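Chemist: sequence first, then the predicted structure, then my questions.
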Amino acid sequence: MTKEQCQKILTDLFEKYEDNEYMMQRLINHVTAILPNTLETESVNYEKRIVRQNFLSNEQQSFIQVFLSKNRYFYMNNNCFYEYDGKHYMIVKEDDIIHNLLSSISKDRTLLEWKYKTKISVIKLIRERSLFSSIPESYTIQSVLGQLFPQFFQSKNQAKHFLSIIGDNILAKNDNIIFLIGQHMKHMLQELDNIAYASIGHATISPNFVTKYHENHSYADCRLIKVNDNCSVDAWKKMIRNNGLDLFCVAVHYSKRYGDSDNFVDNSSDDELRNYVYYLKNITQSEIVTQFCSKYIDEAQDVKIGWKDLHFVWKQFLSSLSLPNMIYSATLKGLFKEKYNYDDSCDSFINITSRHLPLHSDFIRFWTTTINTDTSSENILELEVDELCSLFKSWAKQTATTTTNGNISEDNVIKILKHFFPSVEIIEAKYVLNVACILWDKNKDIAESFEYIKEQIKAGSLTLISFDDAYNYYSKYCSTKSHKFVVNKRYFEKYICFNLSNHIVYEKFIETDWILKN
């Protein structure tokens, strides 16, 4: 309202009451006495309010700054709040944050009258602080690296590279890059995806990790990454469930710090890491085959190597360098045909062989001449992979035509069986089912040991014998007979359960009256 408008109101009032002496006195009294005092009082009160408001505003700003510094709360769009204590990240309930906030305001007491106003401001600021805007402390970074190396990765740089990749994926960087991994690592990444969805709301954190090369993938876009072959998936799951948030935050930190995973590799002084990660990026299919041939192929007259054998040696080459199978079988065969003479009638390459083949040829001959397969349910048949290694070594010593000493690793046995005998059933990478070896009749040894077990039962007047005691007697029997091979306790108990099921009581005991009658 303007000054002229106020003057007009007063003029109108004076004109209205100019014939009313009482109202004129009241009007004059309001204008000359009441209005000035009222305005003065309101002016003083207003100035006090301004001073108080400025004071509370400054106090609120200081309180919020100190509170958010002492309490590192963050937020993600999955409607989750997080807290970082300088060591570990954790999910926290909004109610717990509000309780801590209001308690702090009450202790301070200065902001009591602005308590809920301050609460709203703080929660708003926390919602604007992304979890991934936080910078992990050195303790957190070293803790995460310590859990990854050496248990899962061979070097600390490999662990950092992996974290950079995960950080890139969280921040949606380099989505054109393909990372080739082993099946073992795929199971680990599945658990990582599960934890990422539950903790930070990412549906998938490893979309560009693949276990099989596809011909549509350009080598230039392919990167290699690996974990230790003997690492435990269960140990990985436990680690991720306990420290997944720490890992994700450190991963994002590394992605931001280095720019992306390729920049980390480029700026690293680790030549071994760089050469492995960029192996496919810096090579062609023909060059890979040439590398293989220089190390694994020997040229000689009047010899030949079958395609299936050559393909197996190729797999050995890949395994020795921890490389994925990056060339399709038909393409690979075509590349070999360009380098060597090929006889289609016997599916073999002429005038070449491999120094790595004799051991596998001997094992295949051992398998085909000594191993019988029986998938019927009439017998319990099973050989452990380490038992196959021992039987092969024994066979090699007794066979004059072998060219090796029979020393073979369990890993090699599994690879040979999977490649040359794909129908053979192997479980837990340890047990080969439905097979028996003519060099060792496991079931016959156990059956014959019961005569010895019977004598021990008679001497002890036992009415029941436990599986453990029966196995101990079996082991002693084998020792007295100088048996070269002894079945393990697992197989012994499977034999008992299969053949003596009607005489088993209390799950782990055999009735001795049956044994004594036979």
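Modeler: Right, received. Where do you want to start?
Chemist: shaky segments in the stretch 51-200 of the chain?
Modeler: Applying pLDDT under 70 to the stretch 51-200 of the chain picks out residues 52, 54-57.
Chemist: let me see the ranges of the strands in the stretch 51-200 of the chain.
Modeler: Using DSSP state E, counting those that start in this stretch, the strands of the stretch 51-200 of the chain run over 72-76, 80-84, 89-92, 178-180.
Chemist: so which of these is nearest residue 149?
Modeler: Of all these, strand 178-180 sits nearest to residue 149, with 18.4 Å by CB to CB. The way it works is simple: take the backbone N, C-alpha and C, and place the C-beta from them, glycine included.
Chemist: tell me how far that closest one is from the chain's mean position?
Modeler: When C-alpha coordinates are averaged (CA atoms, centre = their mean, to the nearest Å), strand 178-180 and its chain have centres 15 Å apart.
Chemist: correct me, but residue 143 touches residue 87?
Modeler: Yes - Residue 143 is within contact range of residue 87, at 7.3 Å (criterion: CB atoms under 8 Å).
Chemist: quick one, domains of this protein?
Modeler: With domains defined by automatic domain parsing, the chain comprises 1-131, 138-277, 285-356, 360-437, 442-517.
Chemist: tell me the most buried of those?
Modeler: Highest mean neighbour count among these (mean count of other CB atoms under 10 Å): domain 138-277, with a mean of 18.
Chemist: next, the angle strand 80-84 makes with the helix or strand encompassing residue 253.
Modeler: Per DSSP states H and E: residue 253 is located in helix 233-258. Per axes from the mean of the first three to the mean of the last three CA atoms, to 10 degrees, the angle that helix 233-258 makes with strand 80-84 is 80 degrees.
Chemist: so where's the stretch 251-400 of the chain shaky on pLDDT?
Modeler: Filtered on pLDDT under 70, the stretch 251-400 of the chain yields the residue ranges 377, 400.
Chemist: what about 80?
Modeler: Along the stretch 251-400 of the chain, segments meeting pLDDT under 80 span 376-379, 400.
Chemist: strands of that one, start to end?
Modeler: For the stretch 251-400 of the chain, the strands defined by DSSP E, counting those that start in this stretch occupy 298-306, 342-343, 348-353, 371-373, 382-384.
Chemist: may I have the strands that pair with the fourth one, each with its orientation?
Modeler: So that's strand 371-373. strand 435-437 (antiparallel) (DSSP bridges).
Chemist: do me a favour and average the pLDDT over the strand it pairs with.
Modeler: Mean pLDDT, strand 435-437: 93.
Chemist: hmm, who's touching that strand?
Modeler: 370-374, 379, 381-383, 388, 391, 424, 442-443 (CB atoms under 8 Å, 6 or more residues apart in numbering).
Chemist: what about 7 Å?
Modeler: The contact list for strand 435-437 (CB atoms under 7 Å, 6 or more residues apart in numbering) reads 370-374, 381, 383, 391, 424.
Chemist: what do you get for stretch 239-251?
Modeler: Contacts for stretch 239-251 (CB under 7 Å, 6+ apart): 88-90, 131-132, 134, 136, 140-141, 143-144, 147, 163, 166-167, 170, 191-192, 195-196, 199-200.
Chemist: inside helices: which ones of those?
Modeler: Under the assignment DSSP state H, the contacts of stretch 239-251 contribute 140-141, 143-144, 147, 163, 166-167, 170, 191-192, 195-196, 199-200 to helices.
Chemist: and the strands in the stretch 401-518 of the chain, which stretches?
Modeler: Under DSSP E, counting those that start in this stretch, the stretch 401-518 of the chain gives strands at 426-427, 431-433, 435-437, 464-466, 504-505, 509-511.
Chemist: residue closest to the middle of the chain?
Modeler: Geometric centre of the chain, nearest residue: residue 188, 2.9 Å, by CA atoms, centre = their mean.
Chemist: just checking, that residue touches residue 236?
Modeler: Yes - taking contacts as CB atoms under 7 Å, residue 188 lies within contact range of residue 236: 4.7 Å.
Chemist: residue 104 versus the closest residue to residue 98 other than its chain neighbours, what's the distance?
Modeler: Excluding the flanking residues, the one nearest residue 98 by CB to CB, 6 or more residues apart in numbering is residue 119, at 6.4 Å. Distance, residue 119 to residue 104, by CB to CB, to the nearest Å: 10 Å.
Chemist: equivalent analysis for residue 47, please.
Modeler: 30 Å.
Chemist: show me where the stretch 301-450 of the chain has its helices.
Modeler: Listed in chain order, the helices of the stretch 301-450 of the chain (DSSP state H, counting those that start in this stretch) span 307-320, 329-339, 358-370, 385-398, 410-420, 442-460.
Chemist: and the pLDDT at residue 214?
Modeler: For residue 214, pLDDT reads 89.
Chemist: which pair of the ones in helices among the contacts of stretch 239-251 spans the longest distance?
Modeler: Longest distance between any two of the ones in helices among the contacts of stretch 239-251 is 21.7 Å, between 141 and 191; criterion CB to CB.
Chemist: got the helices of the stretch 301-450 of the chain as CSV, with distance to residue 240 columns?
Modeler: Converted to CSV, those look like this (distance: least, CB to CB, whole Å):
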stretch, distance to residue 240
helix 307-320, 27
helix 329-339, 35
helix 358-370, 38
helix 385-398, 30
helix 410-420, 27
helix 442-460, 41
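Chemist: mind checking which of the ones you listed is nearest residue 289?
Modeler: Closest of those to residue 289 is helix 329-339, at 4.8 Å (criterion: CB to CB).
Chemist: and the angle for the closest one with strand 298-306?
Modeler: Using the same axes, to 10 degrees: helix 329-339 against strand 298-306 is 140 degrees.
Chemist: who are the packing partners of helix 329-339?
Modeler: Under the contact definition 3 or more CB pairs under 7 Å, 6 or more residues apart in numbering; DSSP states H and E, helix 329-339 sits against helix 285-296, helix 307-320.
Chemist: as JSON lines, those with distance to residue 1 would be great.
Modeler: Below are the helices and strands packed on helix 329-339 laid out as JSON lines (distance: least, CB to CB, whole Å):
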{"stretch": "helix 285-296", "distance to residue 1": "87"}
{"stretch": "helix 307-320", "distance to residue 1": "89"}
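Chemist: tell me which other helices or strands the longest helix belonging to the chain touches.
Modeler: Using DSSP H, we find that the single longest helix of the chain is helix 35-70. Packing partners of helix 35-70 (3+ CB pairs under 7 Å, 6+ apart): helix 94-108, helix 115-127.
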